[in-house]
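# sequence-free structure coming up:
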């Protein structure tokens with residue numbers, strides 16, 4: 001099948017050959033801003049402070065463009081040495097600029113509470129950003145120490161993340177006489193043929209098992225770096241670092257996990273139902289995402305594009321934005337050396353976001369495209385904000401993406417009645433993957449961070465992961481021992497520890513928003529306002545403005561919706 005995949009055009013970000021001249025401009029602008037230091041004290045006028053913030057914003061936009069260009073080229077070509085050195089160059093430049101302009105944040109946090117509040121109130125366009133900066137002062141170290149951490153990260157945690165990406169992106173697999181990459185292999189974990197599903201998982205996990213000595217060392221060092229950061233800054237726990245970065249309180253996420261623990265049986269019920277529908281004695285882990293019928297629909301990229309755009313028809317803003325991105329800001333080709341997985345990257349509010357995936361023609365690939373377009377729509381809607389409030393915190397970002405998935409799924413059920421039942425099961429497979437699976441990763445991370453702190457070995461971590469999997473599935477799924485190595489294959493726990501709860505948060509919130517939209521078409525306005533907000537307020541306050549209270553009762557409504565889906569499937 002000719003997939004008709006497309007490549008992106010990165011020219012909006014500049015050209016690789018102009019990097020050195022752009023770096024000179026960045027260093028010149030950085031020096032100009034540095035000159036404000038001598039007059040930067042708590043008596044500074046709000047007018048002058050805003051001028052400094054605006055100049056820093058201009059610098060951040062300039063820097064983000066060339067850094068994005070380099071990193072996106074690298075993700076497309078992880079086996080190209082020239083991009084390895086350019087990534088290192090950009091990381092060093094980022095640390096250099098950050099260190100020279102750090103005085104703004106450090107000194108602002110030293111201002112008296114009276115003067116800090118004065119500036120916060122007198123600069124409403126930056127109010128939440130400044131308030132957050134002030135609130136985070138208790139986790140801020142001296143300027144000298146902060147500079148050392150920035151420099152250390154370039155050759156430390158940043159290099160570890162690059163190593164993981166380069167190393168695993170190079171994995172290839174021999175499947176049915178062909179040499180394929182990981183993205184191509186993953187298509188077969190959802191194949192109609194149970195033997196192909198089993199073979200695909202075995203190839204995938206054995207590759208990580210064979211390389212576990214290297215990958216487990218990377219993971220242990222990622223965790224150790226996280227622990228050092230926690231202890232130096234005085235965070236309450238490893239997950240508190242992520243919660244605070246997400247502008248959430250620990251109690252907000254504790255409520256989410258309590259609701260999950262109360263409702264975990266929903267997913268066991270679903271697996272038992274799927275076992276009956278498949279007509280097998282026991283659902284193996286290999287069968288978790290098995291299609292329930294032998295209908296095997298495939299779509300080339302152009303067909304997927306048309307279907308997704310049509311599914312967004314009731315949200316004209318979504319459709320218009322997605323159509324624009326699909327013209328030249330999406331890279332969907334399958335290519336050796338291309339980073340695994342899919343993502344949407346927003347450089348700044350001045351440049352349309354970019355999307356990367358490896359589109360292989362199946363329903364999952366189309367769902368992934370709808371998901372990433374949701375991120376792109378969110379970035380585009382929030383571009384009305386300044387750069388300090390442009391990028392939504394992770395849980396809110398995952399709300400837009402999963403909301404678009406939901407819209408697409410409901411449209412697909414109407415357009416293709418012959419696979420309506422298949423799509424209903426795909427929807428619940430997705431709910432499991434976004435909620436239960438992702439929250440279980442975080443439960444694992446909490447325990448793994450403690451285990452590594454106490455000198456646990458890679459074998460201890462494997463045992464921990466496998467024991468949690470057994471508890472997670474109970475009697476509903478048969479586990480093969482090979483899945484003890486699965487954690488090595490989860491990039492988020494390496495690159496962005498404790499990221500994964502954002503998916504559960506996002507989907508449960510998206511389901512609530514979708515339900516409200518079905519009940520009242522005018523609620524679309526509130527949904528748009530939520531996505532337009534970016535990070536110009538806390539998630540709690542953004543949702544409160546739309547009439548949503550974020551508490552355990554709220555999360556329960558999301559799980560109740562999933563219960564109703566199971567009843568429909570029965």
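Received, thanks. In this text the structure is predicted, and so the values were computed from the model without any measurement.

# Can you give me the separation between the closest residue to residue 272 other than its chain neighbours and residue 55?
Leaving out its chain neighbours, the residue that sits closest to residue 272 by Cβ to Cβ, 6 or more residues apart in numbering is residue 476, at 5.6 Å. Yep, even glycine has a C-beta here, placed from its N, CA and C like the rest. Counting by Cβ to Cβ, to the nearest Å, the gap from residue 476 to residue 55 is 58 Å.

# and what of residue 360?
45 Å.

# Equivalent analysis for residue 163, please.
Taking Cβ to Cβ, one finds residue 163 at 36 Å from residue 55.

# quick one on the thing from earlier: I'd say the residue nearest to residue 272 and residue 283 touch.
Yes: between residue 476 and residue 283 a contact is recorded at 6.7 Å, counting by Cβ atoms under 8 Å.

# And those two? Which one has more around it.
Each of residue 476 and residue 283 has its neighbours counted (other Cβ atoms under 10 Å); residue 283 has more, 21 against 18.

# Please name the nearest non-neighbouring residue to that one.
In this structure, residue 283 finds its nearest non-sequential neighbour in residue 275, 4.4 Å apart by Cβ to Cβ, 6+ apart.

# List the contacts of that neighbour.
By Cβ atoms under 8 Å, 6 or more residues apart in numbering, residue 275 lies in contact with 281, 282, 283, 476.

# Determine which two of those are furthest apart.
281 and 476 (12.6 Å; Cβ to Cβ).

# for the residue lying closest to residue 332 once chain neighbours are set aside, helix, strand, or coil?
Leaving aside its chain neighbours, residue 332 sits nearest to residue 359 (3.9 Å; criterion: Cβ to Cβ, 6+ apart). Of the three states, residue 359 takes coil under DSSP: H, G, I helix; E, B strand; the rest coil.

# Now do the same for residue 359: its pLDDT.
On pLDDT, residue 359 comes in at 95.

# Check residue 208 too.
Reported pLDDT for residue 208: 98.

# Which strands or helices does whichever strand or helix holds it pack on?
Taking DSSP states H and E as the definition, one finds residue 208 inside helix 194-210. Under the contact definition 3 or more Cβ pairs under 8 Å, 6 or more residues apart in numbering; DSSP states H and E, helix 194-210 sits against strand 172-175, helix 182-186.

# Centre of the chain to that helix, how far?
Here helix 194-210 is found 25 Å from its chain centre; the criterion is Cα atoms, centre = their mean, to the nearest Å.

# If we go by neighbour counts, what in it is buried?
For helix 194-210, the buried set under the neighbour-count rule, 16 or more other Cβ atoms under 10 Å, comprises 196, 197, 198, 199, 200, 201, 203, 204, 205, 207, 208, 209.

# again, but for stretch 270-282
The neighbour-count check on stretch 270-282 (16+ other Cβ under 10 Å) flags 270, 271, 272, 273, 274, 275, 278 as buried.

# So what's the model's average confidence on it?
Rounded mean pLDDT across stretch 270-282 is 95.

# How about stretch 177-185?
Mean pLDDT, stretch 177-185: 92.

# Just checking the distance from that stretch to the centre of its chain.
Its chain's C-alpha centre lies 25 Å from the corresponding centre of stretch 177-185 when counted by Cα atoms, centre = their mean.

# Which positions in it come out as buried?
180, 181, 182, 183, 184, 185.

# go on, stretch 99-111?
Neighbour-count burial for stretch 99-111 flags 99, 101, 102, 104, 105, 106, 108, 109, 111 (criterion: 16+ other Cβ under 10 Å).

# again with stretch 443-450
By neighbour count on 16+ other Cβ under 10 Å, the buried set for stretch 443-450 is 443, 444, 445, 447, 448, 449.

# now swap in stretch 407-421 and tell me
Residues of stretch 407-421 classed as buried: 407, 408, 409, 411, 412, 413, 419 (neighbour count, 16+ other Cβ under 10 Å).

# What's the end-to-end length of stretch 331-342?
The straight-line separation of the ends of stretch 331-342 (Cα to Cα, to the nearest Å) is 10 Å.

# I'd like the mean pLDDT over the strand or helix carrying residue 121, please.
Here residue 121 sits within helix 113-122, counting by DSSP H and E. On average, the pLDDT along helix 113-122 is 96.

# which residues make contact with that helix from outside it?
In contact with helix 113-122 (Cβ under 8 Å, 6+ apart) are residues 42, 43, 44, 46, 49, 108, 111, 127, 130, 131, 134.

# and the helix or strand following it, which residues are buried?
For helix 113-122, the following helix or strand on the C-terminal side (DSSP H and E) is helix 127-135. Residues of helix 127-135 classed as buried: 127, 128, 129, 130, 131, 132, 133, 134 (neighbour count, 16+ other Cβ under 10 Å).

# Give the ranges of residues in this structure that sit below the confidence cut-off.
Counting by pLDDT under 70, the chain contains no low-confidence segment.

# What segments of it are strands?
Assigned by DSSP state E, the strands in the chain fall at 172-175, 178-181, 330-331, 343-345, 354-356.

# Starting from the fourth one, tell me which strands it pairs with and how they run.
In its sheet, strand 343-345 lies beside strand 354-356 (antiparallel), with partners assigned from DSSP bridges.

# Could you check how far stretch 232-242 is from the centre of its chain?
On Cα atoms, centre = their mean, the centre of stretch 232-242 falls 20 Å from that of its chain.

# Endpoints of it, how far apart?
Where stretch 232-242 begins and where it ends lie 15 Å apart, using Cα to Cα.

# circling back: pick out whichever of the buried residues of stretch 177-185 sits closest to residue 322.
Of all the buried residues of stretch 177-185, residue 183 has the smallest distance to residue 322: 21.9 Å, by Cβ to Cβ.

# ok, now which ones touch that closest one?
Here residue 183 is in contact with 334, 338, 340, 341, 358, 360 (Cβ under 8 Å, 6+ apart).

# which residues make contact with stretch 479-495 from outside it?
Contacts with stretch 479-495, where a contact means Cβ under 8 Å, 6+ apart, come from 160-161, 164-165, 168, 201-202, 204-206, 208-209, 211-212, 215-216, 218-219, 222, 284-286, 340-341, 441, 444-445, 448, 461-463, 465-466, 469-470, 473, 499-500.

# ok, the nearest residue to residue 415 once chain neighbours are set aside - how many residues close by?
Excluding its sequence neighbours, the residue lying closest to residue 415 (Cβ to Cβ, 6+ apart) is residue 307, at 7.0 Å. Using other Cβ under 10 Å, residue 307 has 18 other residues around it.

# got it, and residue 39?
Neighbours of residue 39 under the rule other Cβ under 10 Å: 10.

# mind listing what it touches?
Residue 39 touches residue 48, counting by Cβ under 8 Å, 6+ apart.

# swap in residue 561?
511, 512, 515.

# what do you get for residue 6?
301, 326, 330, 331, 332, 333.

# and the buried residues of stretch 270-282 as JSON lines, adding distance to residue 429?
JSON lines is the format used below for the buried residues of stretch 270-282 (distance: Cβ to Cβ, whole Å):
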{"residue": "270", "distance to residue 429": "9"}
{"residue": "271", "distance to residue 429": "10"}
{"residue": "272", "distance to residue 429": "14"}
{"residue": "273", "distance to residue 429": "12"}
{"residue": "274", "distance to residue 429": "9"}
{"residue": "275", "distance to residue 429": "14"}
{"residue": "278", "distance to residue 429": "12"}
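
# Name the nearest of those relative to residue 318.
Out of the buried residues of stretch 270-282, the member with the shortest distance to residue 318 (by Cβ to Cβ) is residue 270, at 29.1 Å.

# Please report how far the closest one lies from residue 277.
10 Å.

# Tell me who's in contact with residue 552.
255, 258, 259.

# Need the nearest residue in space to it, chain neighbours excluded.
Closest residue to residue 552 apart from its sequence neighbours, by Cβ to Cβ, 6+ apart: residue 255 at 4.4 Å.

# can you count the residues close to the one you found?
If we define neighbours as other Cβ under 10 Å, then residue 255 has 18 of them.

# ok, now the one 3 residues further on?
Other residues near residue 258 come to 13 when the count uses other Cβ under 10 Å.
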